[in-house]
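Enquirer: I would like to see how this sequence folds:
(4 chains)
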Number of protein chains: 4
Amino acid sequence: MTDESPQERWQRRIEIPMFAASALFLASFTVRVLAENLPSGWYALCEAVTYASWALFVVDYAVRWVLSGEGLAFVRRHLMDAIVVVLPLLRPLRIVKIYEAVQRRHTHARLPLQARVIAYAGLSTLLLGFAGALSVYHDEHNAPDATIKTFGDAIWWTSSTVTTVGYGDMTPVTPRGRVVAVGMMVGGVALLGAVTGSFSSWLLQTFAQDEEKKPPGGTPGASDGLRP
Amino acid sequence: MTDESPQERWQRRIEIPMFAASALFLASFTVRVLAENLPSGWYALCEAVTYASWALFVVDYAVRWVLSGEGLAFVRRHLMDAIVVVLPLLRPLRIVKIYEAVQRRHTHARLPLQARVIAYAGLSTLLLGFAGALSVYHDEHNAPDATIKTFGDAIWWTSSTVTTVGYGDMTPVTPRGRVVAVGMMVGGVALLGAVTGSFSSWLLQTFAQDEEKKPPGGTPGASDGLRP
Amino acid sequence: MTDESPQERWQRRIEIPMFAASALFLASFTVRVLAENLPSGWYALCEAVTYASWALFVVDYAVRWVLSGEGLAFVRRHLMDAIVVVLPLLRPLRIVKIYEAVQRRHTHARLPLQARVIAYAGLSTLLLGFAGALSVYHDEHNAPDATIKTFGDAIWWTSSTVTTVGYGDMTPVTPRGRVVAVGMMVGGVALLGAVTGSFSSWLLQTFAQDEEKKPPGGTPGASDGLRP
Amino acid sequence: MTDESPQERWQRRIEIPMFAASALFLASFTVRVLAENLPSGWYALCEAVTYASWALFVVDYAVRWVLSGEGLAFVRRHLMDAIVVVLPLLRPLRIVKIYEAVQRRHTHARLPLQARVIAYAGLSTLLLGFAGALSVYHDEHNAPDATIKTFGDAIWWTSSTVTTVGYGDMTPVTPRGRVVAVGMMVGGVALLGAVTGSFSSWLLQTFAQDEEKKPPGGTPGASDGLRP
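Expert: Okay, the predicted model is just below:
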């Protein structure tokens, strides 16, 4: 525990504050987008909180870059973090990491491997979908010829997009909305593919274990020892 | 056999009655939704059966909770059962478990592993699709601007949704219909992913076995011993 | 070779005639559906060939059933064959088996495992798609409000359905067309899932081999011995 | 290094020129399709460059065929190359191979196996999508009843097609556009399936490693030695 690098110490200490900043960013951005009749004082506050959190993300990234002592290799190795600095709406995806850390400490990794991947990828999909729905609603709802007019529409469109169902009863019509949509398609395909693949592998494993346990009959303890 | 816990004994004894209750729930709900010109006496009977079965699900859950002696951990470990208590239309999915149990006793697990996963996930998809189609038809068919007007439409829409084809020639327009639809998309992606993954793994294994059997030529008995 | 059962001998002898019957069935059905201005003599011939081939499928199934000496277990174990007797348009899928047999004899299984699964599932998808397009075109093109009006439309609709893209610019509107469509969605999902899964596994294996070959440097012969 | 065959020597020497030819082909084709108000001199130049690069692809294929000393087996073993000669717009997919070669030399294969498959398949999808969007835009934008009217529309349609979302708000209406579209659906399903499968397998592996590292507690060096 004592031999942690400065970078690790920074990351450990900043974890909770950054978690709070991510939550604040998402909350203030959500309020700004959804609450259209907000008194201007509150609107300004939300805007301030949004930009302050964003600034924190930039500072955190810069500090970790400096502490790492690496050059451009740092950017390449922490590509996801660089993306988050540019597209802060994706930052809450890191909340998932916190969930995972908490879950590991608390329950001694009681969940099987696949269940954790499903939880991780599923939670990421939810956050990505929410951020995407917010962003698309923001870009679309005032556009002429828009089909996505309410936030409910945006959620419905997001669900059909991320699962690759794609009804097409509502589609973004603005260039920015479409760029976000393409990101959501790609992210949705990858994340839901991980959920699906893990679920399938978990089902196969569960059925295989069932079979193993039955035949030996009298000594279920042996296999229990291998897989508690 | 004699060292089963009270919980296991309860589950063994209640299995058949609960199976009947699940079937009754699905049947009475189906009749109530589809038979619009039902005489009011029959309608009341269906309603009574529906709620009585639902009450049974709640009682079963409560008894198992008490017998388990666990606190909130029980809810977390039997999440699927808790969902079933709130959304009883998903209860018939447990019928699949019965099928599996019967199949195991009867045929000594003659079906290969992947075939059983395909049968399990495929049957679950069918039941989920039927329950979803019923529910969406119930919510939609009287809505203004509805595109899903007959139960046939609901089945057609369900097929295109669960397989993620998503033509979009019919889509739910009511909030409740859309919530059910999102559940079906997610369930469909996961279950059909399991079917697909297992089928793919089964094909690969079959082809690999074909190859193995050929080269040795004279001694097919050896590999037969490994894989009867 | 001399210890083959009567069933195996029947299957070996009937293989080529049944292959011809499958091809004739598909060809005569195709001509009947697509060539609308056929002189009535030719039309009757096509019809006769279609039903004669179908009768052959039934005879083949009956003979194999009798030879097997099994009761209803035969139907359960040869489910695909029973389906083919009821839906003869799926019979050409067995052509794929012939292709596989020929390919195995001819090239000493030079193609890697995954490539064979891709070829098998891909060919099955093509045949399933062609049979489905024919059948849907047959049911749809004269229906009022039909969107699938030419065979080209049917092929375009089939492609978007089997790959689960599902544009929805054309959709079947008749009940029979929709039943066939549901079968194609399910078949498409399963078969293309097998293609995709095998392709993915083949890519991973190819990249892993590339890596293995590099590091040892001087002795590429060793790994070549394992994987020619 | 000295025992390379004539074929290998040709391939090593021609690699960079062919890379340049591929890039030129893509660039000149892109300019020809997108820049509608090009002065006729520039247009003729682009056309010349396009056909000259195409001629180079044919020459390269012919030389390699002759050097291989194989007959028709060469075509069967290098099917992708034959396809590229007929459909030169797919040639840039080989650029991905260069990327891979460079990446391997440069970074000693630092990226894990799955990341390389993701990068390879992802890059292929991007190139396939760009080439497909160009080609469909070329065929569609002047067609009557076309819904794909600008190159932006083509990109949007491509994204929804390759990810199998398939909104259907825009669809090709010309026969040639549809043939290209079918190729993109199939390619998209296969390539994105590879991306998804690798991502899923990478997630599972990462989570499994996390678990492995934790329990032993004091000796993280041991597992680090296995997986640097």
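Enquirer: ok, and the closest non-adjacent residue to the residue of chain A found nearest chain D?
Expert: The shortest separation between chain A and chain D is 3.0 Å, found at A:G193 (distances taken as CB to the nearest CB). C-beta: built from backbone N, CA, C; applies to glycine. Nearest in space to A:G193, with sequence neighbours left out and distances taken as CB to CB, 6 or more residues apart in numbering or on different chains, is D:T196 at 3.0 Å.
Enquirer: so the one you found is in which element?
Expert: Assignment of secondary structure by DSSP states H and E places D:T196 within helix D:175-213.
Enquirer: state the mean pLDDT of that helix.
Expert: Per-residue confidence for helix D:175-213 averages out to 84 on the pLDDT scale.
Enquirer: with stretch A:67-82 instead?
Expert: The average pLDDT within stretch A:67-82 is 78.
Enquirer: kindly format the C-alpha coordinates of that stretch as CSV.
Expert: Below are the C-alpha coordinates for stretch A:67-82, written out as CSV (Å, rounded to 0.1, in the frame of the first residue of the first chain):
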residue,chain,number,x,y,z
LEU,A,67,2.5,13.1,-12.9
SER,A,68,2.8,10.2,-15.3
GLY,A,69,6.0,11.7,-16.8
GLU,A,70,5.1,10.3,-20.1
GLY,A,71,4.9,12.3,-23.3
LEU,A,72,2.3,11.8,-26.0
ALA,A,73,2.2,8.1,-25.0
PHE,A,74,0.0,9.1,-22.2
VAL,A,75,-2.7,10.4,-24.6
ARG,A,76,-2.5,7.2,-26.5
ARG,A,77,-2.8,5.0,-23.4
HIS,A,78,-5.6,7.0,-21.8
LEU,A,79,-7.5,7.7,-25.0
MET,A,80,-10.9,7.3,-23.2
ASP,A,81,-9.9,10.1,-20.8
ALA,A,82,-8.9,12.4,-23.6
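Enquirer: flag every residue of chain A that's near chain C.
Expert: Selection of chain A residues close to chain C by CB under 8 Å from any CB of the partner chain yields A:T164, A:V165, A:G166, A:Y167, A:G168.
Enquirer: and those, which are buried?
Expert: Among the residues of chain A next to chain C, those classed as buried by 16 or more other CB atoms under 10 Å in any protein chain shown are A:T164, A:V165, A:G166, A:Y167, A:G168.
Enquirer: could I get the residues you listed as TSV with secondary structure?
Expert: Putting those into TSV (DSSP: H, G, I helix; E, B strand; the rest coil) gives the following:
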residue	secondary structure
A:T164	coil
A:V165	coil
A:G166	coil
A:Y167	coil
A:G168	coil
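Enquirer: turn the residues you listed into a markdown table, including pLDDT and distance to chain B.
Expert: As requested, these are arranged in a markdown table below (pLDDT from 0 to 100; distance: CB to the nearest CB, whole Å):
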| residue | pLDDT | distance to chain B |
| --- | --- | --- |
| A:T164 | 91 | 5 |
| A:V165 | 92 | 4 |
| A:G166 | 91 | 5 |
| A:Y167 | 93 | 4 |
| A:G168 | 91 | 4 |
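Enquirer: just give me the closest of those residues to chain C.
Expert: The nearest member of these to chain C, counting by CB to the nearest CB, is A:G168 at 5.9 Å.
Enquirer: isn't the closest one up against D:T161?
Expert: No: taking CB atoms under 8 Å as the definition, A:G168 is not a contact partner of D:T161, at 12.0 Å.
Enquirer: number of nearby residues for the residue in chain A that chain B sits nearest to?
Expert: Of the residues in chain A, the one nearest chain B is A:T196, at a distance of 3.0 Å by CB to the nearest CB. For A:T196, the tally of surrounding residues (other CB atoms under 10 Å in any protein chain shown) stands at 24.
Enquirer: gap between it and C:G187?
Expert: When CB to CB, to the nearest Å is the yardstick, A:T196 and C:G187 sit 19 Å from each other.
Enquirer: same deal with A:E4?
Expert: Spatial separation of A:E4 from C:G187 under the definition CB to CB is 55 Å.
Enquirer: who's more crowded, these two?
Expert: For the pair A:E4 and C:G187, the greater number of neighbours falls to C:G187 (20 against 11), based on other CB under 10 Å.
Enquirer: buried stuff in the strand or helix carrying A:R64?
Expert: Using DSSP H and E, A:R64 sits within helix A:40-68. Under the neighbour-count criterion of 16+ other CB under 10 Å, helix A:40-68 has A:46, A:49-50, A:53-54, A:56-57, A:60-61, A:64-65, A:67-68 buried.
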